[in-house]
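**Student:** can't give you the sequence, but here's the structure:
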């Protein structure tokens, strides 16, 4: 089997296609969760803790260049090349991860519950019915054995 035919066989297997679909849907789902955290949850958390924007929680690791005249925000300092310890951005990403993990947990839990309730009960195993002609032949055989003895 040649290299290309082996690759073709591998690439068209159901598991690879399922994995590709899962990765694409996962990427789209990740964007939805990012938006939920960034646009819905973090503003509420910021409001609760005093109206602060978590993306602007950082520590400058060096001074900005002398010609820097922009605002002292995360975006402006990053664009100017100033090294930052951006723990606010990390908190946002961590919250994204926790929400995504919780949603996936709920989805898997629901799928497993549905699998258990939809699975048909195993049918009781019954002995196969022996055809009537076989039963008659066995009776004849057994009676011949008794007559010889």
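**Tutor:** That came through fine. These numbers were taken from a predicted model, which means no experiment stands behind them. Numbers count the residues shown, from 1 in each chain.

**Student:** the helices in this protein, which residues?
**Tutor:** Taking DSSP state H, the helices of the chain run over residues 3-11, 14-35, 42-48, 74-79, 87-118, 132-148.

**Student:** Dump the ones you listed to TSV, plus mean neighbour count.
**Tutor:** From N, CA and C alone the C-beta is placed, and that goes for glycine too. Formatted as TSV, the helices of the chain follow (neighbours: other Cβ atoms under 10 Å):
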stretch	mean neighbour count
helix 3-11	9
helix 14-35	11
helix 42-48	13
helix 74-79	15
helix 87-118	12
helix 132-148	9
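
**Student:** is it possible to export those to a markdown table including mean pLDDT?
**Tutor:** Listed next are these as a markdown table, based on pLDDT from 0 to 100:
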| stretch | mean pLDDT |
| --- | --- |
| helix 3-11 | 81 |
| helix 14-35 | 82 |
| helix 42-48 | 79 |
| helix 74-79 | 88 |
| helix 87-118 | 83 |
| helix 132-148 | 89 |
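
**Student:** Tell me which of these sits nearest to residue 59.
**Tutor:** helix 87-118 (7.4 Å; Cβ to Cβ).

**Student:** Report the inter-axis angle for that closest one versus helix 14-35.
**Tutor:** 130 degrees (axes from the mean of the first three to the mean of the last three Cα atoms, to 10 degrees).

**Student:** No further queries at this time; thank you.
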